[in-house]
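>>> Provided below for reference: sequence and predicted model.
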Amino acid sequence: MPRMFVPGPVDVADEVLQAQTAPMLPHRSKEFETIFRRASEKSQQLFYTKHRVYLTASSGTGLQEAAIRNFVHKKVLCIVNGAFADRWYEVAVYNGKEADELAFEWDTAASPDLIANTVKQGGYEALTIVHNETSTGLQNPVREIAEAVRAAAPDTLIFVDAVSSLGGAKIEMDAWGIDMLLTSSQKCLALPPGLALGAVSDRAMKKAESVENRGWYFDLVRMEKHRNKDSSPATPAMSLIYALDFQLDRIFAEGLDNRFARHSAMAKRVQEWADAHDLSMYAPEGYRSQTVTTIKNDRGISISDLNTFLKQREMRIANGYGKLKDKTFRIAHMGETQMEDIERLLEAMEEFLKN
Ligand SMILES: Cc1ncc(COP(=O)(O)O)c(C=O)c1O
């Protein structure tokens with residue numbers, strides 16, 4: 001029974017936690033390499049890709065950095081309409097790249113036309129965008145953006161952060177023409193934190209060979225050589241890979257489309273509940289996340305009192321992120337969360353609001 005309606009780390013099913021307790025193996029043994037390959041190949045289905053999927057012992061931010069270090073010589077465009085998009089911009093700056101920010105208001109979806117016009121003029125090697133802004137509950141129209149960018153500047157690589165949506169919303173890497181798509185274990189995949197997954201296109205891989213200063217730990221050219229031998233340059237997060245291997249079977253048993261529909265039904269239910277209680281949504285209609293809903297605190301609720309009340313019932317929600325703290329609050333509906341859990345939460349929130 002989920003207790004944490006927060007957008008990660010989320011609750012992990014007992015049997016998935018249990019899967020981590022399998023005995024350790026030498027990581028360069030056939031036994032472990034078989035599990036490593038299987039987990040990576042199964043992950044391709046989540047990404048809707050035939051391209052390679054790396055499993056790294058890091059959180060998602062590590063792969064944000066890998067995208068910048070491996071595939072950009074010099075100039076990158078960062079689309080920023082939320083806190084995690086802003087982080088990716090910072091990652092680019094801190095790695096010494098010439099990063100331009102194309103900013104939108106946080107409650108506004110990134111515009112495919114504006115992005116296309118910008119890449120047409122700028123000679124950008126790549127652009128970064130967050131699919132599902134966990135800070136705002138806004139889902140950017142990545143498919144339309146990728147299509148517009150491909151038409152306007154076909155050589156610009158497209159990097160997408162789907163940390164809080166991959167496995168919870170359909171993102172078709174190959175069909176949409178994405179060059180790097182990344183996520184973390186602790187959100188929609190409902191695993192403990194510590195593992196990141198990233199899929200990379202062939203053309204991005206090819207480019208990496210000519211990029212200098214790729215670093216060591218996240219040098220994907222080095223990682224690719226090892227991946228071809230079902231291995232990784234450094235010691236992998238073995239327990240998490242056991243859990244991933246097991247959890248992917250559970251996810252496919254539910255069916256990806258069923259999973260996406262479950263999340264979207266919960267999102268709709270939360271939005272309707274908010275509407276009925278004079279609370280409005282932060283993200284505009286048509287661009288609302290399926291996995292986390294950010295609600296404006298129109299009624300001046302004390303989020304900390306609300307959470308104290310919920311915790312007595314073994315539940316908790318998330319306050320607004322960063323500058324949106326107390327001005328908004330967030331209800332996550334990802335991973336293992338079921339509609340009956342959402343009903344239980346909304347019932348408790350209703351009780352709190354009445355008192
Ligand atoms: C959209 C998004 N991107 C990136 C991150 C950073 O991921 P991690 O904490 O796994 O490094 C988060 C974390 O919440 C996120 O929600």
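Here it is on my side, so go on.
>>> so what does the helix or strand containing Ile342 touch, helix or strand wise?
Assessed by DSSP states H and E, Ile342 sits inside helix 339-354. Helix 339-354 makes packing contacts with strand 4-5, helix 256-276, helix 303-312 when contacts are defined by 3 or more CB pairs under 8 Å, 6 or more residues apart in numbering; DSSP states H and E. Using the backbone N, CA and C atoms, a C-beta is placed for each residue, glycine as well.
>>> Run through the strands of the stretch 101-250 of the chain in chain order.
Assignment of strands within the stretch 101-250 of the chain using DSSP state E, counting those that start in this stretch yields the ranges 126-130, 132-133, 138-139, 157-161, 180-184, 196-200.
>>> And Ser164, how close does it get to the ligand?
4 Å (CB to the nearest ligand atom, to the nearest Å).
>>> Can you give me the neighbour number for that residue?
For Ser164, the number of neighbouring residues by other CB atoms under 10 Å comes to 31.
>>> Report the central residue of this protein.
Val163 (1.1 Å; CA atoms, centre = their mean).
>>> quick one, phi/psi of it?
For Val163, the backbone dihedrals (degrees, to the nearest 10) come out as phi -60, psi -40.
>>> OK, contacts around it?
Residues touching Val163, when contacts are defined by CB atoms under 8 Å, 6 or more residues apart in numbering, comprise 8, 60, 84, 130, 132, 134, 182-184, 187.
>>> from the residues you listed, which is closest to Val292?
Among the contacts of Val163, Thr134 lies closest to Val292 (CB to CB), at 5.8 Å.
>>> Below-threshold pLDDT in this protein: ranges please.
1 (pLDDT under 70).
>>> what does it have sitting close to the ligand?
8, 59-61, 84, 130, 134, 161, 163-164, 184 (CB under 6 Å from any ligand atom).
>>> ok, now with 8 Å
7-8, 58-62, 64, 82, 84-85, 87-88, 130-135, 161-165, 184-187, 193, 196 (CB under 8 Å from any ligand atom).
>>> Near Ala274, how many other residues are there?
Ala274 has 19 neighbours, counted by other CB under 10 Å.
>>> For Thr34, I want the exact helix or strand it lies within.
With the criterion set as DSSP H and E, the secondary-structure element containing Thr34 is helix 30-47.
>>> Export only the CA atoms of that helix, formatted as CSV.
Output in CSV follows, covering the C-alpha atoms of helix 30-47 (Å, rounded to 0.1, in the frame of the first residue of the first chain):
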residue,chain,number,x,y,z
LYS,A,30,29.1,-15.0,-17.0
GLU,A,31,26.3,-15.3,-14.4
PHE,A,32,26.2,-11.6,-13.7
GLU,A,33,26.9,-10.5,-17.3
THR,A,34,23.8,-12.5,-18.4
ILE,A,35,21.6,-10.6,-15.9
PHE,A,36,23.2,-7.3,-16.9
ARG,A,37,22.5,-7.9,-20.6
ARG,A,38,19.0,-9.1,-19.9
ALA,A,39,18.1,-6.0,-17.8
SER,A,40,19.5,-3.7,-20.5
GLU,A,41,17.8,-5.4,-23.4
LYS,A,42,14.4,-5.5,-21.5
SER,A,43,14.8,-1.8,-20.8
GLN,A,44,14.8,-1.1,-24.6
GLN,A,45,11.0,-1.8,-24.5
LEU,A,46,10.5,0.9,-21.9
PHE,A,47,12.3,3.4,-24.1
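>>> Which of the residues in the following helix or strand past it are classified as buried?
Tracing the chain past helix 30-47, the next element assigned as helix or strand by DSSP H and E is strand 52-56. With burial defined by 16 or more other CB atoms under 10 Å, the residues of strand 52-56 counted as buried are 52-56.
>>> Just after strand 52-56, pick out the following helix or strand.
Tracing the chain C-terminally past strand 52-56 and defining elements by DSSP H and E, one meets helix 60-71 next.
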